[in-house]
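Colleague: Attaching a predicted model along with its sequence, questions to come.
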Amino acid sequence: MSEPIRYEPSAAARPDGVGSEAELDSADDTLARVLDSRTVASTLCRREGERIRCLACAHRCLIGEGRRGICRVRFVKAGELRVPFGYVAGGLASDPVEKKPFFHVYPGSDALTFGMLGCNFHCPFCQNWVTSQALRESISGSPIIDLTPEQVVNAARRSGARLVVSSYNEPLISIEWAVAIFQKAKLQGLVCALVSNGYATPEVIEFIKPWVAAYKIDLKGFDDRHYRMLGGTLEGVKTGIRLAHENGLWVEIVTLIVPGFNDSETELRAIAKFIASVSPDIPWHVTAFHPDYKMTEPAPTSARQLIRAAEIGAEEGLRFVYAGNLPGRVGPWENTHCPKCREKLIDRYGFLVREYKITPHGTCPSCGTTIPGIWPEGGSDEVNPAGTGSGYFRRAPRKVEPT
């Protein structure tokens, strides 16, 4: 365990878990005006007197005329809640699904991934801060590219993607745009997913449920004081995880192990116990931190720290625990094993799937145990093992140009 890092909680996360509002300004007013022109009216809200309650995330901001929510991209103008729509930040990318990371969703497949700008949190260790914090920081951000949902889906089909995923910034704050894309994508047989901080409401889960199959959630620790420093509350994220699982979404959870912040054995056991209380079948990914954004003092997470975190998860009853970001250095913790007979079912190296044995029925071929997840209907015939060497580069993320 590393020496603990001490932080003050954020004023944005109030004790009642209900967000405040901000003036219609930002660190970059020009960027704000550009984004404000790319919005539509949302129905994911309700009027309360002269203000509007946003229901997209657990801040539940109550926003007056001419004011913004905590995320800074949802605002009230002319009596409407205006929300982001019709653009992507930085373009489109085809990523390995393992990069999300989803390890129990179509292994070896590609995910056409898009994102926007802004976030409802402000984590000092954010590794996508150029997009997520674009309205809080005076930075040279990603280019804004205007697209239609049809163009995004066409790009997914041309790239050979199996999934369409909203990621890179927090998708809940632009969920209307994501759902517009997912509606078109699902018609084309594509699987849709979110990569999120999980700060969800029952209303937004109901909104996405017809379209979203998989939901990756960051559980950033188990200390409410730290969560308030990040801009939310621990209970809000725990509720989001429960809601997603109870509503039938396939959930995988990631914890970035930050030395001195969330790596104590007590906290890691608390995380694992909570996940197991929701379902021991939820995969838990423990991933390696590297110094970034405003958190540059802690050392990068070591392989030994990841392995110990993974061992704790298994000790607390989780059936699928993975250690990520350090390919080839975490022993068996990159692979999927049958929880009953321990047969190795998926052999991985980083983003590579080197061997796949799960049957078309989603079971272990040796003992018949059901392996929870979203698996290819054709079994191993639909998974093309990438091998090593040049295969690693074939699985690298790549840009996809829209038409």
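Modeller: Great, that's in hand. What you see is a predicted model, and the numbers here were worked out from it, not measured in a lab.

Colleague: Wasn't Ile307 part of a strand?
Modeller: No: counting by DSSP: H, G, I helix; E, B strand; the rest coil, Ile307 is not part of a strand but helix.

Colleague: Show me how this protein divides into domains.
Modeller: 22-84, 87-400 (automatic domain parsing).

Colleague: For the longest one, give the mean pLDDT please.
Modeller: Spelled out, that is domain 87-400. Averaging pLDDT along domain 87-400 gives 94.

Colleague: likewise stretch 57-70?
Modeller: pLDDT averaged over stretch 57-70 gives 96.

Colleague: Columns mean neighbour count on top of the domains of the chain, output as a markdown table?
Modeller: C-beta here means a position set from N, CA and C on the backbone, and glycine is covered the same way. Below are the domains of the chain laid out as a markdown table (neighbours: other Cβ atoms under 10 Å):
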| stretch | mean neighbour count |
| --- | --- |
| domain 22-84 | 19 |
| domain 87-400 | 20 |
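
Colleague: and stretch 293-303, how far out from the chain's middle?
Modeller: 20 Å (Cα atoms, centre = their mean, to the nearest Å).

Colleague: ugh, wrong one, I meant stretch 91-100
Modeller: Its chain's C-alpha centre and that of stretch 91-100 lie 12 Å apart, by Cα atoms, centre = their mean.

Colleague: Could you do stretch 44-52 as well?
Modeller: Distance of stretch 44-52 from the chain centroid (Cα atoms, centre = their mean) equals 28 Å.

Colleague: distance between the ends of it?
Modeller: 10 Å (Cα to Cα, to the nearest Å).

Colleague: again, but for stretch 122-131
Modeller: 11 Å.

Colleague: Likewise for stretch 320-337?
Modeller: Stretch 320-337: ends 8 Å apart by Cα to Cα.

Colleague: can you list the residues that contact it?
Modeller: Residues outside stretch 320-337 that contact it (Cβ atoms under 8 Å, 6 or more residues apart in numbering) are 101, 103-104, 254, 281-288, 301, 303, 306-307, 309-310, 313-314, 339, 343-350, 358, 371.

Colleague: ditto for stretch 129-139
Modeller: Stretch 129-139 is contacted by residues 26-28, 31-32, 35, 72-73, 89-90, 115-119, 121-122, 126, 141-142, 168-170, 292-293 when judged by Cβ under 8 Å, 6+ apart.

Colleague: and with 7 Å instead?
Modeller: With contact meaning Cβ atoms under 7 Å, 6 or more residues apart in numbering, stretch 129-139 is reached by 26-28, 31-32, 72-73, 89-90, 115, 117-119, 122, 126, 141-142, 168-170, 293.
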